[in-house]
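Asker: Next input, structure requested:
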Amino acid sequence: MDVSTKTNSRISKRIKITFAALVTFLALPLVSAVGGSVVGGQANSALPVVSQAQAETGAKKTQTSPQVAGLPNVSNVFEKQKEKVVAIKAETKAKAGKHPFMGQMPSRPQMGQGSGFIVDEDGYVLTNNHVVADADTVTVILHNGDSYPAKVVGTDEKTDIALVKIKAKTKLPAVELGTSSDLKVGQWVVAIGNPFGLDYSVTAGIVSAKGRNIGHGPYDNFIQTDASINPGNSGGPLFNMNGEVIGVNTAIIRGGQGIGFAVPIDMVKQIVPQLRDNGYVSRGYIGTGIQELDDELAESFGVKEGTGVLIGSVEDGGPAAKAGIRPGDIVTHFNGKRTKDVKSLLLAVAGTKPGEKASAKVIRDGKKRSLNVTVAERPDASRPEAVPASDDDAGDAKLGVAVSGVDAQTAERLGAKAGKGVLVQQVVPDSPAARVLRPGDIIMQVGKYKVNSPKRLKKALSKHDDGKPLRLLVMRDGRTIFLAVKLK
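Answerer: Coordinates of the predicted model:
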């Protein structure tokens, strides 16, 4: 399912999200063999050093001081869960490269550090995909210092989750997986991990927000927390105060203070069985291009903003097309789940098992309909385009565009169909069209009228009530989207 939305680009411009930085990459001589602490570089110089005497004094104060009323007892969580948290080292072997003057030169091996946690007594460990991705060897270090080579069982780049397995000498203590569905903003949480290679560091904070879209991928649904998360915390657990894992620490904002993100454990629980059994995640797919229903588009369809998700395009022969879903349909529910925005529909479709039948409730021409869709498996390749483009030559001053038909050569260049729609050649500055259209767009439909020539475009525009938003079906960059514009 393709997404036509500006959300990700807006966020990407506003903040820089760091994923790989949560793995501390160092040249081998700078990494200790077992402990994971950073030796040399700037890591140590950035950390204040406390003498043993000072540490002992502080420890005594902690033991004798009563707990501050209203604050959580983080030490209880740490003591009960520390043996279930692991350090992870991922080594990428040196690969020879060509030097422009000296010929073949070996590159230095790279060592990544991250965190993880035991989810099964038989040695299954959860971490982030970016911690172990492309690694030649992965080593898991337990709390007692024992280290074991690990096999990468499965990875999922889209959620940044990976499952690895070790063969330990004995059964291992496993964490209890909680639920992220009932998390509340302001709730206390605890992060345990190995930031900067400093083993078993614990930090506490609150849930700052839920359902964050940070521009990482189509299934963004992050928990935001101010519990300190730093490079090396990647893949570590985020606990609630009952000691249950409610998230997997994954990302930080580069240069940000107190802004970290964790993958919700409910999402993780859905994919772990697939990673264990198949090594990859199979997701549902129905073959549509979708977009948010903003206020003007909603008004043009005669519904309220937030009513559902707008279908912009439907893949020929795809599951949605076979079920009778059309461009212009507004999906309000999918498989029993409310779909008020693009993210909720994406998650609902992806979470449906391929081969299953799912009900899709839609609004079409103001009427409610219920359709049954047989969900397919989402292909790994990029989605095919949906609908295309047409012929003639003219312009429309009312809208503020100069248009032409789409000949065979233009259609081939744009991935369109000759004889369908009109090609936008120019957009008049400060015109109504300037808000939403650009040269290269193909206008395929105005309101309920299909257009295949400039003459048809003029005729369709003449039937529109200028006081209401004008709805356009436009092909852009190989897919169709709806746009709304007021002519006055």
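
Asker: contacts, neighbours, all on C-alpha from now
Answerer: Fine.

Asker: Which residues belonging to stretch 297-304 are considered buried?
Answerer: Residues of stretch 297-304 classed as buried: 297, 298, 299, 300, 301, 303 (neighbour count, 16 or more other C-alpha atoms under 10 Å).

Asker: for stretch 242-256, same thing?
Answerer: Residues 243, 244, 245, 246, 247, 248, 249, 250, 251, 252, 253 are the ones in stretch 242-256 that count as buried (16+ other C-alpha under 10 Å).

Asker: Which of the three states applies to residue 472?
Answerer: Under DSSP: H, G, I helix; E, B strand; the rest coil, the three-state class of residue 472 is strand.

Asker: How many residues are close by it?
Answerer: Residues lying near residue 472 (other C-alpha atoms under 10 Å) number 23.

Asker: And residue 136, by the same measure?
Answerer: For residue 136, the count of nearby residues is 11 (other C-alpha under 10 Å).

Asker: how far away is the closest residue to it other than its chain neighbours from residue 172?
Answerer: Excluding its sequence neighbours, the residue lying closest to residue 136 (C-alpha to C-alpha, 6 or more residues apart in numbering) is residue 92, at 5.1 Å. Distance from residue 92 to residue 172, counting by C-alpha to C-alpha, to the nearest Å: 27 Å.

Asker: How about residue 241?
Answerer: 22 Å.

Asker: same question, residue 226
Answerer: 30 Å.

Asker: And the host helix or strand of residue 204, what's buried?
Answerer: Element membership for residue 204, per DSSP states H and E: strand 201-212. Buried positions in strand 201-212, judged by neighbour count with 16+ other C-alpha under 10 Å: 202, 203, 204, 205, 206, 207, 208, 209, 210.

Asker: Next: stretch 78-95.
Answerer: Buried positions in stretch 78-95, judged by neighbour count with 16+ other C-alpha under 10 Å: 78, 81-92.

Asker: for the stretch 251-400 of the chain, which spans come out with low pLDDT?
Answerer: Along the stretch 251-400 of the chain, segments meeting pLDDT under 70 span 255-257, 380-397.

Asker: again, only this time at 80
Answerer: Where the stretch 251-400 of the chain drops to pLDDT under 80, the residues are 253-258, 380-398.

Asker: in it, which spans are helices?
Answerer: Along the stretch 251-400 of the chain, counting by DSSP state H, counting those that start in this stretch, helices occupy 265-278, 295-301, 319-323, 342-350.

Asker: Indicate which one of those helices is closest to residue 424.
Answerer: Evaluated with C-alpha to C-alpha, the helices of the stretch 251-400 of the chain place helix 295-301 nearest to residue 424, the distance being 20.5 Å.

Asker: Pull out the CA atoms of that closest one and give them to me as CSV.
Answerer: This file holds the C-alpha atoms of helix 295-301, laid out as CSV (Å, rounded to 0.1, in the frame of the first residue of the first chain):
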residue,chain,number,x,y,z
ASP,A,295,-10.8,19.6,5.6
GLU,A,296,-11.1,20.8,2.0
LEU,A,297,-11.1,17.3,0.5
ALA,A,298,-13.5,16.2,3.2
GLU,A,299,-15.9,19.1,2.3
SER,A,300,-15.7,18.2,-1.4
PHE,A,301,-16.8,14.7,-0.5
